[in-house]
Structures are given as structure tokens and as C-alpha cells.
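Trainee: Need a 3D model of the sequence below.
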Amino acid sequence: MNKQKLLVLIALGLASGSVFAAQERVIKVQNQVRLGYDDNVYATDDDEIDSAYITDIINISAKLNFSSRTDMLLHWQPEFKYWFDVPGDEFVTYQDVYARLNHAVSQRTFVMISDHFRYQDKEGQSGDINSFDQSYIENDLMGSVDYTINAVSQIKVGGGYMLRVWDEDDYGKGEAANNFDKYTANGSYIREVRPNETKLIGGANYTTVDYEGSRGGYDSVALFGGVDQNFNPNLTGFGRFGYSFSTVTDTFDGDYDTSNPYLQTGLEYNPTARSSFNGSIGYTISQGENSGYNAQDDLTFRFGARHDITAKISLAGTASYTFSKYESDYARIETLPTEKEQYLQLGIRASYQINRNNFVDAGYMYTNRDTDKGILADYDRNRMDIGWRIRL
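Mentor: Numbering: from 1, shown residues only. Now for the predicted structure:
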């Protein structure tokens, strides 16, 4: 992984230089050691491999103030994992590096630039049937400019570039060609119609994805209107409603034009200082997460809850469900039919604070993927762990 190491070293070098240049800095360090068990390490349909593991996760974060108008957030989380029963892949390392620079050009103009680098195993819906040991590099560079027109109106414009490169050349390049470049641009107009309560929004998002080689990709423009609403001090919500117009390109019959509803909506409720709940619903077209289709239509439901049972005991839970439809017109291979997929993930985590800096954690996550059994894999996966966390 020479490219991975080079990108990490560049990111850490820039971060280190920024730390020393800051006028004020707050640095936090946390270390987690977990002992766990995974009953389907590679998320496969057949020949599941299960294993216990031990992992060490280091979390270093910093907030740097360069001036009254400029600050930076930095986050680095390396993970070192040892599998007890995975031949050939006993010891693995992962990386997560994030940086965000905020700068006030003037009282009306604000600029944000961020970069997020990850090296990790396949997750979510990524991967084909019975594909073992897939890891990838992903780097997401984003920027935005906010301009305040007057006391009630604001304009936001932004853009980004993301790349994904898989470890296995046969999966990332070659016939599968799952490596991709993704470019985004967006703009919106925001007007506050009720002070501190209601904001109306209108805007557009543009996305283009190009896969490795001649596989193709897709282009999409979403036009939407929406609202941000503070119902009361404890309840907030947002909604974006519109339509997307997309062109999916493949290698055998050229371009396919399609249009779909666009929906992003959610609520956050904090009934007390010790409890919080959030939920969201989304419907959109996105890049295909497998070798067969260049795009997919996703309907997603997410829910999260957290409660501090006592001053020392906290409990958090998450649930997400995604229904994906892979149209035959999205396929890069002529013989592939329309396929459907249901992806469910449930998680719960508990934490007990021993003293000011030491915690004991325990967690469980269940994943289920139910498909039409074409090139996609059905599987169940159970992961659980117990660990010790210390703040340094």
C-alpha cells in the first residue's frame, strides 16, 4: 500500500505543520482497546470465516486557532487489528484522517475547505457475491463559500472531488473496474422567513461519477426546494424535496436518461439534556456499489437514540434500512436483469465511566443483506466487542 502510506504521510505532515503554526491549540488524545468476535469477517454468502480479534484504536483530535478569523479542526484515527483465525490476514491496519479549515474572508463571506482520507475494509452495500478481503482507499476533498446578502438572505456554493481505489487490481481495475472518481457541485439560496425558526431553501446539486477504464458512470442534476425548521428548543427538522435528472452510461448501449424524485428529510429531538433522538428519510440515485451496475436508486431510513441512564452509564442505538433497485438500464453488462436489495443494520453500544478518564464499553452490531441473488451476496453478520477506553 505505497499510495496509502504516501497520502497518510502527506496529510500528517500538513497537520503537524499547522499545529505548530497555530496561536492557540487544544489537543485531545484517546485510546481504545477492544476484544471482539465477528461471525462473517468478509461479509460473504458462502464459506463464512469467523474469528475473534483484538484491536487498538487511537484517536487524536485538535482545534487550532490561527486568528480571530481562521481556525482548523484536525482528526487522526489509526486502527491496528489482529484476527486470531483469519489465515494470511492476521494483522491489518486502517487509517482515518480528517482536516477542516474555516476562514472568514469578511463579515459577509466565509470559506470552508475539508479533506477526509480513509483506508478501510469494504462496508455497507459495497462488494460482489463472495468477494473476499476487499479494502480500499477513499479521499474526499470538499470546499464551500457562504455569502450573506443581508440579515435574512444567504447564498452557498460548493464543490468536491472524491476518489476510491481498491487494493485488489482485479476488482478495482480490469474487467470489474470498481475504482472511480466522483465530482460534485452545489448551490443554494437560503432565506429566513421567521427569525430563529424557519428558513426556506432552493438549490441544485450536480454529481458525476467516472469508473475505471471504459466502464462508464453517471451524471445527475437534482433541483430542490426545502425548509429548515426549529419547532421549539428541543425539536428541529429539515426537508429537501425535488427531482433529479440523470444520464447513466455503460459499455454496450451508450446513454440511458432517467428522472427520479429527490428527497432528504429528518428530525432531531432532545427532550432532556440526557436524551436525544434523530431520524431521517432519503431517496436518491447514487453510484453503484458493485461490479454490475453503474448506478442504483436508494430509499433509506435511519434512526438513532442516545440516553444517559445515570451520570456514568450511557446507552446508544442505531438502525438503518436501505431498499436499493438496480435497473437493467443501469447495468454495465447487457445480460444483467433488474435486481432489488434490502440492507439492514442494527447497532447498540453501552458505556460505563469508571472515573474521569477511564471507560468500559460494550457493543453489538447486526447486518443483513437480502438480494435477488444475481451478482449480489445475501449474508448475515454479527459483530460484538467489549473494550476499555482512556482519555489522555
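Trainee: Double-check that Ala151 belongs to a helix.
Mentor: No. Looking at Ala151 with DSSP: H, G, I helix; E, B strand; the rest coil, it is coil, so not inside a helix.
Trainee: contacting residues for it?
Mentor: By Cβ atoms under 8 Å, 6 or more residues apart in numbering, the contact set of Ala151 is Glu192. For glycine as for every other residue, the C-beta is placed from the backbone atoms N, C-alpha and C.
Trainee: Ranking helices and strands of the protein by mean pLDDT, which lands last?
Mentor: helix 2-21 (a mean of 55; mean pLDDT, DSSP states H and E).
Trainee: which element follows that one toward the C-terminus?
Mentor: Sequence-wise, the next helix or strand downstream of helix 2-21 (DSSP states H and E) is strand 24-38.
Trainee: what comes up buried for that following strand?
Mentor: Using 16 or more other Cβ atoms under 10 Å as the test for burial, strand 24-38 gives Arg25, Gln30, Gln32, Arg34, Gly36, Asp38.
Trainee: Next one: the last one, what pLDDT does it get?
Mentor: What that stands for is Asp38. The per-residue pLDDT reported for Asp38 equals 96.
Trainee: Touching, it and Ile54? I think so.
Mentor: No. The criterion here is Cβ atoms under 8 Å, and Asp38 misses it with Ile54 at 12.0 Å.
Trainee: Which other helices and strands does the longest strand anywhere in the chain contact?
Mentor: Across the chain, the longest stretch assigned as strand under DSSP state E is strand 255-272. Applying 3 or more Cβ pairs under 8 Å, 6 or more residues apart in numbering; DSSP states H and E, one finds that strand 255-272 contacts strand 217-232, strand 235-249, strand 275-287.
Trainee: Export those as CSV, with columns for distance to Trp388.
Mentor: Output for the helices and strands packed on strand 255-272, formatted as CSV (distance: least, Cβ to Cβ, whole Å):
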stretch, distance to Trp388
strand 217-232, 39
strand 235-249, 35
strand 275-287, 25
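Trainee: I'd like those written out as TSV, with mean neighbour count added.
Mentor: Formatted as TSV, the helices and strands packed on strand 255-272 follow (neighbours: other Cβ atoms under 10 Å):
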stretch	mean neighbour count
strand 217-232	17
strand 235-249	18
strand 275-287	18
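Trainee: which stretch among these comes nearest Gln154?
Mentor: Closest to Gln154 of the helices and strands packed on strand 255-272, according to Cβ to Cβ: strand 217-232, at 11.5 Å.
Trainee: nearest spatial neighbour of Asp56, skipping sequence neighbours?
Mentor: Spatial nearest neighbour of Asp56, excluding adjacent residues (Cβ to Cβ, 6 or more residues apart in numbering): Phe80 at 4.8 Å.
Trainee: got the contact list for the strand or helix carrying the one you found?
Mentor: Using DSSP H and E, Phe80 sits in strand 79-83. For strand 79-83, the external contacting residues (Cβ under 8 Å, 6+ apart) are 41, 51-58, 89-96.
Trainee: Likewise for stretch 212-224?
Mentor: 172-173, 177-180, 201-211, 240-251, 262, 264, 284-285, 287, 294-295, 330, 332.
Trainee: mean confidence for it?
Mentor: The average pLDDT within stretch 212-224 is 93.
Trainee: same thing with stretch 305-317?
Mentor: Across stretch 305-317, pLDDT averages out at 97.
Trainee: At which residues are the helices of the stretch 101-250 of the chain located?
Mentor: 169-172 (DSSP state H, counting those that start in this stretch).
Trainee: Can you say which of the helices and strands packed on strand 255-272 is nearest to Trp76?
Mentor: Nearest of those to Trp76, taken as Cβ to Cβ: strand 275-287 at 26.6 Å.
Trainee: what's downstream of the closest one, the next helix or strand?
Mentor: For strand 275-287, the succeeding helix or strand toward the C-terminus, using DSSP H and E, is strand 295-308.
Trainee: Which residues does that next one contact?
Mentor: In contact with strand 295-308 (Cβ under 8 Å, 6+ apart) are residues 209, 218, 246, 248, 260, 266, 274-289, 314-327, 330.
Trainee: cool, and stretch 157-171?
Mentor: With Cβ under 8 Å, 6+ apart as the test, stretch 157-171 has contacts from 1, 3, 128, 131, 133-145, 172, 176, 178-187, 291.
Trainee: Stretch 333-349 now?
Mentor: Residues outside stretch 333-349 that contact it (Cβ under 8 Å, 6+ apart) are 124-125, 252-253, 292-293, 315-328, 361-372, 374-376.
Trainee: now those residues: which count as buried?
Mentor: 125, 292-293, 316-320, 322-324, 326-327, 361, 363, 365, 367, 369, 371, 374-376.
Trainee: buried residues in the longest strand of the chain?
Mentor: Tyr256, Thr258, Tyr262, Leu263, Gln264, Thr265, Leu267, Tyr269.
Trainee: show me where pLDDT drops low in the stretch 1-150 of the chain?
Mentor: 1-23, 124-133 (pLDDT under 70).
Trainee: what about 80?
Mentor: Within the stretch 1-150 of the chain, the segments meeting pLDDT under 80 span 1-25, 46-47, 88-89, 122-134.
Trainee: Need the CA coordinates for the one helix or strand Ser324 maps to. PDB is fine.
Mentor: Using DSSP H and E, Ser324 sits in strand 313-326. Extracted C-alpha coordinates of strand 313-326, given in PDB (Å, rounded to 0.1, in the frame of the first residue of the first chain):
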ATOM      1  CA  ILE A 313     -23.800   4.900  32.300                       C
ATOM      2  CA  SER A 314     -24.900   5.800  28.700                       C
ATOM      3  CA  LEU A 315     -26.600   3.800  26.000                       C
ATOM      4  CA  ALA A 316     -26.800   4.400  22.300                       C
ATOM      5  CA  GLY A 317     -28.600   2.600  19.500                       C
ATOM      6  CA  THR A 318     -28.800   3.000  15.700                       C
ATOM      7  CA  ALA A 319     -30.900   1.400  13.000                       C
ATOM      8  CA  SER A 320     -30.800   1.900   9.200                       C
ATOM      9  CA  TYR A 321     -32.700   0.300   6.300                       C
ATOM     10  CA  THR A 322     -31.900   0.800   2.600                       C
ATOM     11  CA  PHE A 323     -34.000  -0.500  -0.300                       C
ATOM     12  CA  SER A 324     -32.000  -0.400  -3.500                       C
ATOM     13  CA  LYS A 325     -33.200  -1.000  -7.000                       C
ATOM     14  CA  TYR A 326     -30.700  -1.800  -9.800                       C
END
